[in-house]
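In: structure of the sequence below:
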Amino acid sequence: MKMLYLLIPFAPLAGAIIAGFFGRAIGRAGAHRVTIVGVLVSLLASLAVLRDVMDGSTFNGPLYTWLTMGEARLEVGFLIDRLSALMMVVVTFVSLMVHIYTIGYMAEDPGYQRFFSYISLFTFSMLMLVMSNNFLQLFFGWEAVGLVSYLLIGFWFKRPSAIYANLKAFLVNRVGDFGFLLGIALVLAHFGTLDYAQVFSKAPSMAGETIELFNGVPWLLLTVICIGLFIGAMGKSAQFPLHVWLPDSMEGPTPISALIHAATMVTAGIFMVSRMSPLFELSDAALSFVLVIGAVTAFFMALIAVIQYDIKRVVAYSTLSQLGYMTMALGASAYSAAMFHLMTHAFFKAVLFLGAGSVIIAMHHEQDMRKMGGLRRYLPITYAVVLIGALANAGFPPFAGFFSKDTIIEALHVSHRAGSGIAYAAALAGVFVGALYSFRLVFFAFHGKERFASGGHGYDAHASGAGNDDHAHGGTPHESPVVVTAPLVLLAIPSIAAGWLIGTVVYGNYFGDAVFVAPAHEWIEEMGKEFHGVWPMMLHGLTSLPFWLAVAGLVTAWYLYILRPELPAVLRQRFSGPVRILENKYGFDTFNQWFFASGAVALGTKLWKIGDVALIDGMMVNGSARLVGWFAGVVRWLQSGYIYHYAFSMIIGVFVLLTLFGMVLAR
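Out: Here you go, the predicted structure:
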């Protein structure tokens, strides 16, 4: 089986290397074939491993030792259990769909081979992360997905906005990675190893150990480690306040937006906290911190999605909100619910992103929803799958999002952890807002008046300055080719049916020993006693508060964008203050630009003037040159070339020497 484990990450890596270094030789068709075959092999191997793991087989061992420091061994190895096996299948399946979809979406792009190389490398990086059995390899995968996301977000590197976006993503993630690296360093310093199994086995004995971050103020060591690790997750999984990079990642091509948001990069933080559950379960303070951060992200990011016009940005802010739900579940010790929502979300979010990409193709790369409308007549397949994605995202039964999201909300309701009340309220409010923005997208783009022929605006369009108002589209939109729609249909199937696995994944103790929950935090186990199957859960869901909040969101979107399409413009004007706050994204970009970007430039300029100009150039370089010049000028007077000047100097010198000699004799 070890060879099969090696095949899973290295098959995509081989495809990435061949497409990247030999892309010109093998051509465009060769590039997509070799990468698709690599990911397909990885998917089939992952399915085989999942079946093997379900039969009770696990693996935890090193591949080779990279470095030895005293008693600490830094190794590269794999941990194959039910948690990693689930992630491997999700990552490879979504990645395969994205690879196939890319053939149609990037057909005319000159960087075709390079793009396939990057997305295959992205898949390899994520697989190395989820399969790792130690913090060193985890950090390698962590940084590798960050690097490849930088390359992909800025794939169209001639666009200034793309360069700004990938730099923003890279720098914000460095902030999170600083905390992540400190957490790993504390693990190595206090546990003497980076191996998961050894760290987890020693953790209970370290539960009472403290560390002083400030003189005389002791902190629990495990709390500091867990918060440091979670700060890394805040960057990768785009949690408040390190969320600012994710919406701008839309500057990359749509396939990579789907891959980042659905199966890689942003899911890394959720997976990491689940993997570190034996540490987090020993720190209630860290879990409460996780809970509150998730609640803030889930609700406040959903609000921004309501006022967006870029079809991809609506889905991007939806991702932020859904990641907040997963984070809240982690904070409530409902790791199985968090991972279950990660799985279902991967499918329906990929549908929404790739569906948005299909719309963008039909609209000649227009992303402004105000220049769409009535597209369901022209894009029936795309409309059907986007509608499925919206229903799943909003949490309507029997779609996948209903089961995972409702499980998280119920876990928050029964949780007794500090902050769970705030999180429960945020989760309920987010259900209404989630249904509102989901169906706002559907009604705006696919229903109502056709606005693409004239390039004109409808609804509340004139209240915002987004988009290119003078751009008109010629021709009639038509459905995307099969290579685009086939992956959409294949992803739509689990967007409907994946939630039906809740009895196995959440309430059937699927994860077993792969996830640890302290006996005092077994709220999922308590909920499992009330679970009687998928159909009873759906019937009960029809009477639950989250369902009716979702219905209220759908009806509100229908009323505003179908029945009374003139009303949103009136509301935007009447509530211009809150709308402006949302349009400014709560001022985070402005603050970061002022404090970090402009502030850093101003500080750098000041330090440059003081250190480089004044000290180094002024005193050391130019100052020493001026000193030498002055001294040379003085000495030059003694080198006049006249004999009598030299004779006079000799006489004066002899006189001084005689005087000094006489003074010495006089003593």
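In: quick one: G38 and I652, what's the gap?
Out: As judged by C-beta to C-beta, to the nearest Å, G38 and I652 stand 89 Å apart. Every C-beta, even on glycine, is put in place using the N, C-alpha and C of the backbone.
In: which one's more surrounded, these two?
Out: G38 (28 against 10; other C-beta atoms under 10 Å).
In: was I right to think the more buried one contacts I8?
Out: No - using C-beta atoms under 8 Å, G38 makes no contact with I8, being 10.5 Å away.
In: next SSE after the helix-or-strand element of the chain with minimal mean pLDDT?
Out: Scoring the helices and strands of the chain by mean pLDDT, DSSP states H and E places helix 599-607 at the bottom, with a mean of 72. Using DSSP states H and E, the next helix or strand after helix 599-607 towards the C-terminus is helix 622-636.
In: can you pull up the most central residue in this protein?
Out: Nearest residue to the geometric centre of the chain (C-alpha atoms, centre = their mean): V266, 3.3 Å.
In: so for stretch 132-151, mean pLDDT?
Out: The average pLDDT for stretch 132-151 rounds to 93.
In: now it: buried residues?
Out: Neighbour counts over stretch 132-151 (16 or more other C-beta atoms under 10 Å) mark 132-146, 148-151 as buried.
In: tell me the contacts of I211?
Out: L186, P218, W219, L220, L221, V224 (C-beta atoms under 8 Å, 6 or more residues apart in numbering).
In: in the one helix or strand G38 maps to, what counts as buried?
Out: Per DSSP H and E: G38 is located in helix 23-54. Across helix 23-54, burial judged by 16+ other C-beta under 10 Å covers 23, 28, 30-46, 49-50, 52-53.
In: after that helix, which helix or strand is next? Please name it.
Out: strand 59-69.
In: now the end-to-end length of stretch 407-427.
Out: Stretch 407-427 stretches 11 Å from its first residue to its last (C-alpha to C-alpha, to the nearest Å).
In: quick one: buried residues of that stretch?
Out: Buried residues in stretch 407-427 (16+ other C-beta under 10 Å): 407-413, 415, 417, 419-420, 422-424, 426-427.
In: one more: stretch 197-215?
Out: Those buried within stretch 197-215 under the rule 16+ other C-beta under 10 Å are V199, F200, A203, M206, I211.
In: in this structure A346 contacts V90, no?
Out: Yes - counting by C-beta under 8 Å, A346 does reach V90; the two are 5.1 Å apart.
In: shared neighbours of those two, anything?
Out: Joint contacts of A346 and V90 (C-beta under 8 Å, 6+ apart) are A263.
In: which residue packs closest to S149, ignoring adjacent ones?
Out: Nearest residue to S149 in three dimensions, chain neighbours excluded: M265, at 5.3 Å (C-beta to C-beta, 6 or more residues apart in numbering).
In: residues contacting I80?
Out: So I80 contacts Y5, V49, V53, T58, F59, N60, M131 (C-beta under 8 Å, 6+ apart).
In: what's the pLDDT at the second one?
Out: So that's V49. On the pLDDT scale, V49 gets 95.
In: could you find the closest non-adjacent residue to it?
Out: The shortest distance from V49 to any non-neighbouring residue, by C-beta to C-beta, 6+ apart, is to A85 (5.4 Å).
In: could you measure from Q322 over to A165?
Out: 21 Å.
In: which of these two has more neighbours?
Out: Per other C-beta under 10 Å, whichever of Q322 and A165 has more neighbours is Q322, with 29 against 22.
In: F403 is in contact with G499, correct?
Out: Yes - contact status for G499 versus F403: in contact at 3.4 Å, counting by C-beta under 8 Å.
In: what touches both of the two?
Out: Common neighbours of G499 and F403 (C-beta under 8 Å, 6+ apart) are T344, V534.
In: more neighbours, those two?
Out: Taking other C-beta under 10 Å, G499 and F403 do not tie; G499 has more neighbours (31 against 28).
In: now do the contacts for the more buried one.
Out: T344, A392, P398, F399, A400, G401, F402, F403, S404, V534.
In: noted, bye for now.
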